[in-house]
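Colleague: quick check, what structure comes out for this input:
(2 chains)
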Amino acid sequence: MSGETLLSARGVTRRYGARVALHVTDLDVHAGETIALTGPNGAGKSTLLSILAGALVPSGGRVERVSGVLVGWAPQRPAHYGKLSARENLELFARLGRVPDAEGAAELLLAEFGLPGDRQASGTLSVGMRQRLNVAIALLGAPRVLLLDEPSASLDPEQRRRLWELASGLRAHGGALVFATQHLEELERADRVIRLEEGRAAAA
Amino acid sequence: MRSAWLIFAKDVRVLARSPALLVVLLAYPLVIAALVGMVASYASSKPRVAFVDEDGLPAAIDVAGHRFDLVGTIERSTSELTLVRVDRAEAERQLRAGRIVAMLVIPRGFAADLRSLVRRPRIELKTTRGGLSPRVTQQAQALVFSLNQTLSDAYLEATLKVVRLVVGGGPGEFFGNRFTVIGLTGARELLAGLPQVEQVQEIQKFVSQAETALGDADEALRATARPVELVELGDRGRTWLLSAQVQAYGLAVTISFLALLLAAGSLAAERDEDVLQRLVRGLAGHGRLVAAKVGLAALVATLLGLAIAVAFGVILELGGVAGGQPWERLPLLAMGLLLAGTALGALGTVVGALAREGRTATLAALLLVLPVVFLGLVPREVAPAAGWISDAFPFAHALRFFGDALFELDPWGSLAREAAWLAGLALAYGAVARVAMRRLLA
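Modeller: Residues are numbered from 1 along each chain as shown, chains lettered A, B, ... in the order given. The predicted model follows:
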């Protein structure tokens, strides 16, 4: 792979008591690269993505990130405040992430994802809308690395198409995408596919 | 602390958008505070005592030429008891069953003994052990004291009547015998009409001295009969409902429920909404999340506490209660509410951090707050161990702070001590919550 390494996992592992969710794993994410994580339920895909995102502390090993590289993360289950509107959620996470012009960034993503803005609490949105908001929050601050955990699971075909357009744009601008999926047709979009089974990674 | 402030502001907005939750959060602790007040009120209610009148006491009785309102005296002296008129057998049965705490018996011959002044009349008292029985014993002693005092007054009056007769002369009666005496004044006048020989002058001198001495007998006899007099003043202070103790209880109980439940629930809610992992990846650390939740609990506790204090004050002002609300102490109370809310909120975040999700956190907070509150209400002198355990929780310190802040003339020493306790507990619980969050997410 030609691009610089933006994000690396060095010997990361994750245990929950006696159960090993992720065995020792190494992974380098390069600029301009798309990596797909695949495997059955409970294989360790979400665990690896959470560790790469910094949302989960690994039981062993370490995650290295190039200084100044922003990493966006959309977990499998939409993570936002149900009592706040889509706009309020976006503005809040933008401010927490110290994104310049939080209102402007929120406005842009609302339009990009066709979200309802102030009209209703995000908890009352449809599953697909909530997933859109989930991904939109991950895009705040224009991250160079995007980690998406089964992002297309609840999206309609049009939204899937727009999501992959966004991913292409990210790659074109020197970014990288790592996503987990169970849809075989989505694997075609990846430069590299890593299959996980019972917490062990293998190149597919 | 920017991130803590942002989370805090978000929580305030979320709370404002949850009217049902807000009403429950505000109303529930107030209801609990009222119930605690009612329980405390019941504890100080009048004990039930059986009144067994085996002598068939008349409403009034003549003793030493004086008419007594015997039944009225008994009723006045036992105003702190609920007297239930039953016969001896029923009283014994109810005493064994615990339906009454004591039985007061007027035995046969009581009125006759009282009239005859030959044998001391007796009143019998039988109580249960412990509980309210000391209060009943005190009331019975007060009854006997009151009866003795009334009788003593009557005997004194009868004696003074004789003394006045001896001094002023006139018709009199003693134990049914009617007679007329000339009295010392009459004797002095008769002596003045006699030839002033030495013997007559000696008698005149004695009569004059006796007149003077007996003239002071009234006050002297009264002072001897009752060396110390208790004067009951009209102003009886605040009603129980508005007392300082109840106000402090109300405030402490209310904010304990509110702050603990709010902090625990709001911290656990971050996990319920799956936002926690998003936050801890650099957006808001564990400590800042804990600080935001503690701040939320402290803010709401302070606002609600002040609203309660102002409501109390307005009721006192409208009711024209002597002393009224110490309005100038409100800033001090606000400081106490803020400190107590912070410490209670910190304890709530420990619960919220240890609980897996919101409903568990709320239930756990509820399970914790009840014993903490009741432990804090147990007097230290009754159960020292309860006092020591209670010291490890903010409730008892908050209770003492509020009581002293509102009504102690010189509260500074105790306020400084309780404030230090509350600040220390807030720091300790906050640190525990932070560690608990880190370990659970690790």
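
Colleague: for the helix-or-strand element of chain A with minimal mean pLDDT, packing partners?
Modeller: The weakest-scoring helix or strand in chain A, judged by mean pLDDT, DSSP states H and E, is strand A:200-203 (a mean of 80). If contacts are counted by 3 or more Cβ pairs under 8 Å, 6 or more residues apart in numbering or on different chains; DSSP states H and E, strand A:200-203 sits against strand A:19-30, strand A:192-197. Placement of C-beta: from N, CA and C, glycine included.

Colleague: whichever strand or helix holds B:Arg400: which residues count as buried?
Modeller: Using DSSP states H and E, B:Arg400 falls within helix B:394-407. Under the neighbour-count criterion of 16 or more other Cβ atoms under 10 Å in any protein chain shown, helix B:394-407 has B:394-407 buried.

Colleague: where is pLDDT lowest across those residues?
Modeller: Of all these, B:Phe407 carries the smallest pLDDT score, 75.

Colleague: which SSE is the spatially closest residue to B:Pro121 that is not a sequence neighbour in?
Modeller: In this structure, B:Pro121 finds its nearest non-sequential neighbour in B:Asp113, 3.8 Å apart by Cβ to Cβ, 6 or more residues apart in numbering or on different chains. Assessed by DSSP H and E, B:Asp113 sits inside helix B:110-116.

Colleague: next one: that helix to chain centre, how far?
Modeller: Taking Cα atoms, centre = their mean, to the nearest Å, one finds helix B:110-116 lying 38 Å from the centre of the chain it belongs to.

Colleague: what's that helix in contact with?
Modeller: Residues outside helix B:110-116 that contact it (Cβ atoms under 8 Å, 6 or more residues apart in numbering or on different chains): B:55, B:57-58, B:61-63, B:70, B:119-123, B:151.

Colleague: apply 7 Å and report the result again.
Modeller: B:Asp55, B:Leu57, B:Pro58, B:Ile61, B:Val63, B:Arg119, B:Arg120, B:Pro121 (Cβ atoms under 7 Å, 6 or more residues apart in numbering or on different chains).

Colleague: just checking, what packs against the one helix or strand A:Leu6 maps to?
Modeller: Element membership for A:Leu6, per DSSP H and E: strand A:5-16. The elements that strand A:5-16 packs onto, with contact taken as 3 or more Cβ pairs under 7 Å, 6 or more residues apart in numbering or on different chains; DSSP states H and E, are strand A:19-30, helix A:45-53, strand A:60-65.

Colleague: next, A:Ala79: secondary structure please.
Modeller: Recorded secondary structure, A:Ala79: coil (DSSP: H, G, I helix; E, B strand; the rest coil).

Colleague: I meant to write B:Arg164 there.
Modeller: What three-state DSSP gives for B:Arg164 is helix.

Colleague: could you check how far it is from chain A?
Modeller: 89 Å (Cβ to the nearest Cβ, to the nearest Å).

Colleague: number of residues surrounding residue 19?
Modeller: You didn't say which chain, so I picked chain A. Neighbourhood size, A:Arg19 [other Cβ atoms under 10 Å in any protein chain shown]: 8.

Colleague: can you look at chain B instead?
Modeller: Residues near B:Pro19, counting by other Cβ under 10 Å: 9.

Colleague: swap in B:Val280?
Modeller: Neighbours of B:Val280 using other Cβ under 10 Å come to 21.

Colleague: which SS class is the closest residue to B:Val310 other than its chain neighbours?
Modeller: Spatial nearest neighbour of B:Val310, excluding adjacent residues (Cβ to Cβ, 6+ apart): B:Leu330 at 7.7 Å. Classification of B:Leu330 by three-state DSSP places it in helix.

Colleague: so B:Leu330 touches B:Ile308, yeah?
Modeller: No: using Cβ atoms under 7 Å, B:Leu330 is not in contact with B:Ile308; the gap is 11.5 Å.

Colleague: those two - which one has more neighbours?
Modeller: B:Ile308 (20 against 17).

Colleague: gap between that one and chain A?
Modeller: Per Cβ to the nearest Cβ, B:Ile308 is found 27 Å from chain A.

Colleague: check which helix or strand covers that residue.
Modeller: B:Ile308 is part of helix B:286-318, with elements assigned from DSSP H and E.

Colleague: spatially nearest residue to residue 55, not counting backbone neighbours?
Modeller: Just so you know, I chose chain A. Nearest non-adjacent residue to A:Ala55, counting by Cβ to Cβ, 6+ apart: B:Gln277, 3.9 Å away.

Colleague: oops, chain B please
Modeller: B:Phe110 (4.4 Å).

Colleague: burial measure for the one you found, as a count.
Modeller: With other Cβ under 10 Å as criterion, B:Phe110 counts 21.

Colleague: before we move on, back to that, and chain A, which of the buried residues of helix B:394-407 reach it?
Modeller: Near chain A, judged by Cβ under 7 Å from any Cβ of the partner chain, there are no entries from these.

Colleague: tell me who's in contact with B:Ala383.
Modeller: B:Ala383 touches nothing, counting by Cβ under 7 Å, 6+ apart.

Colleague: tell me, what's the model's pLDDT at it?
Modeller: 80.

Colleague: and the gap between it and chain A?
Modeller: Distance from B:Ala383 to chain A, by Cβ to the nearest Cβ: 41 Å.

Colleague: check B:Ala59 too.
Modeller: When B:Ala59 is compared with chain A (using Cβ to the nearest Cβ), they lie 71 Å apart.

Colleague: show me where the stretch 51-200 of chain B has helices.
Modeller: B:70-77, B:88-97, B:110-116, B:133-168, B:183-192, B:198-215 (DSSP state H, counting those that start in this stretch).

Colleague: pipe these into TSV and attach mean pLDDT per row.
Modeller: Formatted as TSV, the helices of the stretch 51-200 of chain B follow (pLDDT from 0 to 100):
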stretch	mean pLDDT
helix B:70-77	77
helix B:88-97	84
helix B:110-116	80
helix B:133-168	79
helix B:183-192	88
helix B:198-215	86
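
Colleague: could you export those as TSV, including distance to A:Thr34?
Modeller: Compiled in TSV, the helices of the stretch 51-200 of chain B are given as follows (distance: least, Cβ to Cβ, whole Å):
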stretch	distance to A:Thr34
helix B:70-77	95
helix B:88-97	84
helix B:110-116	106
helix B:133-168	84
helix B:183-192	130
helix B:198-215	122
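
Colleague: host element of A:Pro151?
Modeller: Using DSSP H and E, no helix or strand contains A:Pro151.

Colleague: that one reaches A:Leu177, doesn't it?
Modeller: No: using Cβ under 7 Å as the test, A:Pro151 is too far from A:Leu177 to be in contact (9.6 Å).

Colleague: related to what we said a few turns ago, wait, which of the helices of the stretch 51-200 of chain B is closest to B:Ala420?
Modeller: B:Ala420 lies closest to helix B:133-168 among the helices of the stretch 51-200 of chain B, at 37.1 Å (Cβ to Cβ).

Colleague: A:Arg160 touches A:Ser152, doesn't it?
Modeller: Yes: between A:Arg160 and A:Ser152 there is a contact at 4.7 Å, judged by Cβ under 7 Å.

Colleague: which of those two has more neighbours?
Modeller: A:Ser152 (20 against 15).

Colleague: how about low-confidence regions in chain A?
Modeller: Applying pLDDT under 70 to chain A flags the ranges A:1-2, A:203-204.

Colleague: what does chain A put close to chain B?
Modeller: Taking Cβ under 7 Å from any Cβ, the part of chain A that reaches chain B is made up of A:50, A:53-57, A:73, A:75, A:77, A:79-83, A:92, A:95-97.

Colleague: repeat that for 8 Å
Modeller: A:50, A:53-57, A:73, A:75, A:77-84, A:88, A:92-93, A:95-97, A:121, A:137 (Cβ under 8 Å from any Cβ of the partner chain).

Colleague: for chain B, identify the residue most remote from the centre.
Modeller: The centre of chain B is farthest from one residue, B:Pro195, which by Cα atoms, centre = their mean lies 73.7 Å away.
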